[in-house]
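**Q** Need the 3D shape of this:
(one chain, ligands or ions: 2)
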Amino acid sequence: MEEEKKSLFWADQLARQTIERGKREGRTPNIKCQQTPSGGKHIGNLNDVLRAYFVYKSIIEKGERCDFVHGSDDRDPLKDIPAKIMDLEGKWHSSGEFQSIQNYLGHPLCHVPDPFGCCQSWSRHFTKIWMEGIEQLDVHPELYYNDDLYKEGKFDRYVETVFRKKEEVSKIVQEFQGSKQEGYIPFDAICPKCGMLTNVNGFDLEKKTVSFVCGGKAIKEKKTQGCGFEGEAPWREGKLQWRFEWPALWCIWNTAYEPFGKDHWEGSWKSGVEIMKRVYEVEPPIPFVYEFFLVNGKKMSASKGNVYVVQDMLKVMEKEAFLFFYAKRPEKQRDLELGEIYRLIDEFDLAERIYFNQAEDRSENREENTKRMYDMSVPEKPRACPKRINYSFASSLAQVYNIDECMKRLKELGHVSESPLDEKLARERLELASFWAENYAPPEMRVKVNAKEEAQKIREGMDAGVKEVLIEFALLLDEEEKELYEKMKGECKEKGVEMAKFFESAYTALLSKNKGPRLIPFAKALGKERVMELMGA
Ligand SMILES: [Zn+2]
Ligand SMILES: [Zn+2]
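**A** Ligands and ions are numbered 1, 2, ... in the order given. Predicted coordinates:
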């Protein structure tokens, strides 16, 4: 236990607190995360799930018990329609194709029809896609829907408490939402006539109903137009407003730990703590606030359509590398540059070597922490350090040859061993890097090898010394990488050509650009014969 106490890994620290709380309360601690199935959830929202998962995993590893649940807030209203939405095959569609959905703004998501018609509702469709993404990461929380909890009466106690303590509730609403009128009831009914969520104006504790005149609920600063229907509806067919619903869920699940984005920190978390103390009289969970992600320097936004989901990311990176990104310190804002995804993967590869004591750690993380981050991100750990193909190298190669040909060359050059695991990992990386090159690589990472004639024309404009050095390089290509490099240094010196000039010229002759993938491994993979042709040897 002594060793554990020293762990710097953020999730280990939270795991300890969560275990202690469970012991103190004499029950299995619950870890919860949740999403509103709005249709626009992205890898930034995944923070919620993974910041919960790593703590859960740490607890289980310590041999302790813990429950891990994921909620779908599917009685929330449809507030707007994302610019693009995904079908069950993982294909994005412009939401313009589905005009009729506009008629459901203000309706609870569990009652909005599935735009693709394949699932029971909008909520079920997008929850399905979301959960499939999570399962692909080998993360398996137990899923629940708020709609079910309301129907089953799980919220009854808390709805009743909110109504019984209406004076205290009103005070809290005033403290946190000063614009609401005194006596405001933080509960919405689903109008049986038009299906919209609507504010209520009274309740009946005996009949367990609320009364309302349908209309006028604010959704994103706009007022929805209700139908004016005046009547009553059972509690179980409505919902507590978010500020009261979230803490009610903590009570229903006995939540001991919950992560959430910093947007909740100032607002609903603070009111939630007061509600737990003064209304439900239960201790709030251990909170954990994470920072948001940027993608290509911008906030992901469903309405703008620059949204990526797990399924998109697993087309360009291994799930371990993707998880590793989320194991990093959560209080720092991270930017995921899709054009530079190889940097992140290099970082993961390095962490792997550090884990297997084949490299030292010089990063922001101390060595033990890096090892722990790796440990937590890799669901099935290899027995020995795998030999990975550098991602940028893989992407360059995959732009020149098909995957089988790449594999053949990599094996010949000793980049891939005969071990089935190495082979599997190399093939997987080539496929990922190939997809990345096609879809996200910036111009400087795109590679097209010149035809013989093109290269010849380019070489004509070069100095005599440079031409000779290039020929020598092609002829020496069978040498080991290190020796070849040393020999080229001598060769360049002799011919009065600067090394930088040699590299630039070699790239120009091969690729018509002055930079490219690491020259020696790349040229070796092209093969001596082809390089000789291009260098005029
Ligand atoms: Zn569907
Ligand atoms: Zn209505």
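**Q** separation between residue 282 and residue 251?
**A** 5 Å (CB to CB, to the nearest Å). Using the backbone N, CA and C atoms, a C-beta is placed for each residue, glycine as well.
**Q** The closest residue to residue 279 other than its chain neighbours: neighbour count?
**A** In this structure, residue 279 finds its nearest non-sequential neighbour in residue 165, 5.5 Å apart by CB to CB, 6 or more residues apart in numbering. A count of nearby residues for residue 165, using other CB atoms under 10 Å, gives 17.
**Q** if we can go back for a sec, identify the contacts common to residue 282 and residue 251.
**A** Counting by CB atoms under 8 Å, 6 or more residues apart in numbering, the shared contacts of residue 282 and residue 251 are residue 276.
**Q** quick one, which of the two is more surrounded?
**A** Neighbours were counted for residue 282 and for residue 251 using other CB under 10 Å; residue 251 has more, 21 against 16.
**Q** Would you mind naming what in this protein lies close to ligand 2?
**A** Within reach of ligand 2 by CB under 5 Å from the ion, the chain has these residues: 191, 193, 194, 214, 226, 227, 229.
**Q** Quick one: buried ones out of those?
**A** Buried members of these, counted by 16 or more other CB atoms under 10 Å: 191, 194, 214, 226, 229.
**Q** Please give me every residue in contact with residue 77.
**A** Contacts of residue 77 (CB under 8 Å, 6+ apart): 105, 106, 107, 108, 109, 196, 197, 217, 219.
**Q** rerun at 6 Å
**A** The neighbours of residue 77, taking CB atoms under 6 Å, 6 or more residues apart in numbering as the test, are 106, 197, 219.
**Q** Would you mind giving those as JSON lines with neighbour count, distance to ligand 1 and pLDDT added?
**A** Below are the contacts of residue 77 laid out as JSON lines (neighbours: other CB atoms under 10 Å; distance: CB to the ion, whole Å; pLDDT from 0 to 100):
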{"residue": "106", "neighbour count": "23", "distance to ligand 1": "21", "pLDDT": "92"}
{"residue": "197", "neighbour count": "24", "distance to ligand 1": "22", "pLDDT": "94"}
{"residue": "219", "neighbour count": "15", "distance to ligand 1": "24", "pLDDT": "71"}
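**Q** Among the residues you listed, name the ones in strands.
**A** Among those, the members found in strands (DSSP state E) are 197, 219.
**Q** Give me every residue in this structure lying close to ligand 1.
**A** Residues of the chain found near ligand 1 (CB under 5 Å from the ion) are 114, 116, 118, 119, 125.
**Q** quick one: the second one and residue 85 touch, right?
**A** No. With the criterion set as CB atoms under 6 Å, residue 116 and residue 85 do not qualify as a contacting pair; they are 8.3 Å apart.
**Q** Can you get me a residue count around residue 369?
**A** Taking other CB under 10 Å as the neighbour definition, residue 369 ends up with a count of 21.
**Q** And the lengthiest helix in the chain, what's buried?
**A** Using DSSP state H, we find that the single longest helix of the chain is helix 420-439. For helix 420-439, a neighbour-count test (16+ other CB under 10 Å) marks 422-423, 425-427, 429-434, 436-437 as buried.
**Q** Ok, stretch 361-377 next?
**A** Buried residues in stretch 361-377, counted by 16+ other CB under 10 Å: 361, 365, 369, 370, 371, 372, 373, 374, 375, 376, 377.
**Q** Tell me the pLDDT of the second one.
**A** Which is residue 365. As predicted, residue 365 sits at a pLDDT of 64.
**Q** ok, now how distant is the residue nearest to residue 279 from ligand 1?
**A** For residue 165, the distance to ligand 1 equals 40 Å [CB to the ion, to the nearest Å].
**Q** What pLDDT is listed against that residue?
**A** pLDDT, read off for residue 165, is 97.
**Q** Kindly report the same for the one 3 residues further on.
**A** Model confidence at residue 168, given as pLDDT, is 96.
**Q** about what we covered before: can I get the contacts of residue 77 in JSON lines with distance to residue 484?
**A** Below are the contacts of residue 77 laid out as JSON lines (distance: CB to CB, whole Å):
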{"residue": "106", "distance to residue 484": "68"}
{"residue": "197", "distance to residue 484": "70"}
{"residue": "219", "distance to residue 484": "66"}
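**Q** Among the residues of the chain next to ligand 1, which pair sits farthest apart?
**A** By the measure CB to CB, 116 and 119 form the most distant pair in the residues of the chain next to ligand 1, at 7.6 Å.
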